[in-house]
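Asks: Could you work out the structure for the sequence below:
(one chain, ligands or ions: 1)
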Amino acid sequence: MLLNWYIKVYKVRSLRNVPGPKPFPFIGNANLLGDTPSDYLKGLMKLQETYGNFYKIWIGPTLRLVINKPEYLESLLASTIHLSKSDGYDLFKPWLGDGLLVSSGMKWKTRRKMITPTFHFKVLEDFMQIFNYQINIMLDKVEEKVKKCPNETLDVFNYLNLMSLDTICETAFGTCIGAQNQENQEYVKAVGTFLKIFVYRFYSGFMGHPLFFRFSKYYKTYQQTLKILHEFCEEVIRKRKEEFAKKGKELKVNEDGIKIRSALLDMLLEARENGYSLSDRDIEDEVNTFMFEGHDTSATAMCFTFYALAQNPSVQDKVYQELCETIGMDPKVELTLSNINDLKYLDIVVKEAMRIYQPVPLIERNIDEDWVLDGIKVPKGTTVTIFLYGMNRDPKVFPEPEKFDPDRFLPEKQAARHNYSYIPFSAGSRNCIGQRYALYSLKACVAKFLLKYRLIEDPDFQIQVGTCSVLKSMNGYKMKVALRN
Ligand code: HEM
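Replies: Numbers count the residues shown, from 1 in each chain. Alright, predicted model coming up:
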């Protein structure tokens with residue numbers, strides 16, 4: 001306790017010249033961040049407007065140093081020293097355990113090395129068949145709805161989310177769960193509930209502590225939610241283990257003759273048979289981690305890209321034209337990695353959509369050794385926050401930041417900016433392991449969707465963005481969807 005207090009005072013002293021709002025006892029600056037996911041985002045934007053891209057805030061008992069300068073980020077993220085996540089990520093542990101997103105030290109290093117090949121380019125080529133297949137199912141589901149209610153506004157979230165869930169289960173875990181055939185997916189709702197409670201605990205300071213949280217009004221819902229999340233994951237592993245025991249790595253074929261892969265889960269099960277010490281809990285932690293990261297962030301990026309295209313019809317027309325000229329007009333086309341690489345305009349559109357709607361708005365690190373920044377000593381143990389959402393809206397880097405302008409990512413414009421000024425997937429050795437998976441599935445989804453449908457803005461609808469660890473629209477993603485021809 002005394003040592004903790006000493007470390008805190010030491011941190012405050014060495015960062016005393018860094019600007020930031022004056023903290024209150026106990027709550028720190030939590031009052032500036034409000035009470036809802038939308039408030040947190042607005043609060044962080046306001047702090048950026050006031051203090052710029054380098055400042056400090058207290059959230060409850062924790063001092064956070066916010067560094068949004070590309071030069072500082074390069075020094076931090078490219079380093080092989082500061083690889084641990086902040087204490088804030090501990091709030092994920094009741095769900096994700098010590099999976100890749102949260103773990104640190106040797107455990108993280110060994111796992112990262114073990115898992116990286118399962119997302120190799122060659123493996124992604126095989127995954128394309130499943131991406132195409134699941135997107136086709138989604139296109140048919142949307143068609144049913146559009147034909148039934150042609151003039152209604154559609155919320156695209158459920159369609160894209162369930163498709164992403166089916167896709168990650170069939171590619172990484174070799175299990176068909178048919179989520180797209182069950183509109184009321186308990187698991188998807190549980191993910192949403194967990195994330196809302198997660199950010200509430202993260203930004204309120206003291207609710208992060210299990211002792212205080214036990215008395216919170218959300219505690220009971222939280223426990224029920226965790227049960228749903230764990231049971232879902234256990235079922236996926238149980239199914240695959242049974243098949244693995246019967247057939248080994250032999251590829252399974254689903255009812256439509258599509259080969260189901262199981263790159264990640266089979267590798268973990270096999271590694272155990274080959275003498276690696278992986279407990280059932282270790283495997284569950286990774287499956288929970290990839291189940292979450294593999295579907296929720298991707299679906300978020302898809303929903304916001306669709307929204308941006310509905311808002312910007314001239315950009316949408318240009319994407320459509322490129323698609324027709326490059327891959328033809330058939331939405332059931334079997335896309336390959338090479339087709340997708342040819343879609344240069346779609347590439348910059350997706351980059352711009354992720355700039356405005358940064359799917360992971362904020363990340364954190366723990367400083368593992370004393371670190372010097374422009375003559376300021378940042379002591380070991382300091383929590384460092386990177387507000388990616390705010391960086392993407394810095395008018396000095398992206399003039400008129402609210403304007404949707406894909407041309408910002410033309411090669412010559414990109415070359416004029418610092419490499420670390422736009423890092424939607426983070427950077428360095430703890431960057432997103434699923435980056436290529438995410439980009440190919442996102443582009444395949446947008447391409448096939450636009451070949452079949454036109455997205456039209458609903459003039460009465462305005463999204464309300466908020467942070468639930470992943471960026472979300474708190475009131476859905478509503479737009480009109482019209483069949484082409
Ligand atoms: C558009 C979609 C996605 C975005 C924007 C995104 C973004 C990110 C970011 C910013 C990080 C760094 C997190 C941090 O430092 O705390 C990260 C890490 C991670 N992502 Fe993604 N991600 C996406 C999709 C995916 C997919 C599809 C998968 C898996 C198939 C995935 C798996 C992971 C994992 C496991 C980590 C932790 C890596 C490590 O610490 O070694 N992500 N992602």
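Asks: Count the neighbours of the residue of the chain found nearest the ligand for me.
Replies: The minimum distance from the chain to the ligand, using Cβ to the nearest ligand atom, falls at Gly434 (2.2 Å). All C-beta spots, glycine's among them, are computed from the backbone N, C-alpha and C. The number of residues packed near Gly434 is 19, by other Cβ atoms under 10 Å.
Asks: cool, Pro459 as well?
Replies: Residues near Pro459, counting by other Cβ under 10 Å: 7.
Asks: mind listing what it touches?
Replies: With Cβ atoms under 8 Å, 6 or more residues apart in numbering as the criterion, no residue contacts Pro459.
Asks: SS state for it?
Replies: State at Pro459, reduced to three classes by DSSP: H, G, I helix; E, B strand; the rest coil: coil.
Asks: For Phe194, see how far away it is.
Replies: 34 Å (Cβ to Cβ, to the nearest Å).
Asks: hang on, Leu83 in a helix?
Replies: No: Leu83: not assigned to a helix; according to three-state DSSP it is coil.
Asks: Next, work out how far apart it and Lys109 are.
Replies: 8 Å.
Asks: between these two, who's got more neighbours?
Replies: Leu83 (18 against 14).
Asks: residues contacting that one?
Replies: Leu83 neighbours (Cβ under 8 Å, 6+ apart): Ser104, Trp108, Arg365, Asp368, Ser429, Arg430.
Asks: State the distance from the first one to Gln462.
Replies: Note on Ser104: its distance to Gln462, by Cβ to Cβ, is 40 Å.
Asks: Looking at those two, which is more packed in?
Replies: Using other Cβ under 10 Å as the criterion, Ser104 and Gln462 rank with Ser104 on top: 15 against 9.
Asks: you'd agree that one is up against Lys85?
Replies: Yes: using Cβ atoms under 8 Å, Ser104 is in contact with Lys85, at 6.5 Å.
Asks: backbone phi and psi for Asn312, please?
Replies: Backbone torsions for Asn312, taken as degrees, to the nearest 10, come to phi -130, psi 80.
Asks: can I assume it is in contact with Phe404?
Replies: Yes: counting by Cβ under 8 Å, Asn312 touches Phe404, with 5.0 Å between them.
Asks: The two: who's more crowded?
Replies: Asn312 (21 against 17).
Asks: so where's the stretch 201-350 of the chain uncertain?
Replies: 248-262 (pLDDT under 70).
Asks: Close to the ligand: what parts of the protein are there?
Replies: 85, 100-101, 112, 289-290, 293-294, 297-298, 301, 359-360, 363, 424-426, 430, 432-434, 437-438 (Cβ under 6 Å from any ligand atom).
Asks: Now Thr467: phi and psi?
Replies: phi -100, psi 120.
Asks: For it, give me its contacts.
Replies: Pro37, Tyr40, Leu41, Val199, Pro361, Leu362, Tyr389.
Asks: One more: Leu451?
Replies: Applying Cβ under 8 Å, 6+ apart, the residues near Leu451 are Tyr320, Leu323, Cys324, Met329, Asp330, Pro331, Val333, Arg484.
Asks: In helices only, show me these.
Replies: Cross-referencing those against helices under DSSP state H gives Tyr320, Leu323, Cys324.
Asks: Tell me the buried residues within those.
Replies: Buried subset of those (neighbour count, 16 or more other Cβ atoms under 10 Å): Tyr320, Leu323.
Asks: out of the ones in helices among the contacts of Leu451, who's nearest Met138?
Replies: Leu323 (17.0 Å; Cβ to Cβ).
Asks: The closest one: what's it in contact with?
Replies: Met329, Leu343, Leu346, Ala447, Leu450, Leu451 are the contacts of Leu323 under Cβ under 8 Å, 6+ apart.
Asks: run the last query once more with 6 Å
Replies: The contact partners of Leu323, by Cβ atoms under 6 Å, 6 or more residues apart in numbering, come to Ala447, Leu451.
Asks: give the contact list for Val18.
Replies: Val18 neighbours (Cβ under 6 Å, 6+ apart): Lys56.
Asks: typed the wrong thing, it's Phe92
Replies: Contacts of Phe92 by Cβ under 6 Å, 6+ apart are Val102.
Asks: For the stretch 101-250 of the chain, just list every one of the strands.
Replies: In the stretch 101-250 of the chain, the segments counted as strands under DSSP state E, counting those that start in this stretch are 154-155.
Asks: what ranges do the helices span in it?
Replies: For the stretch 101-250 of the chain, helices defined by DSSP state H, counting those that start in this stretch occupy the ranges 105-115, 121-148, 157-172, 186-204, 210-213, 219-247.
Asks: which one of those helices has the most crowded surroundings?
Replies: Stretch with highest mean neighbour count among the helices of the stretch 101-250 of the chain: helix 157-172 (a mean of 26; mean count of other Cβ atoms under 10 Å).
Asks: which residues touch that helix?
Replies: For helix 157-172, contacts defined as Cβ under 6 Å, 6+ apart pick out 127, 130, 134, 138, 141-142, 175, 177, 179-180, 188, 260-261, 263-264, 290, 294-295, 298-299, 302-303, 476-477.
Asks: And for stretch 105-119?
Replies: Leu100, Ala263, Leu264, Met267, Ile433, Tyr437.
Asks: The second one: neighbour count?
Replies: Neighbouring residues of Ala263 were enumerated by other Cβ under 10 Å; the total is 20.
Asks: Please name the nearest non-neighbouring residue to it.
Replies: Thr118 (4.1 Å; Cβ to Cβ, 6 or more residues apart in numbering).
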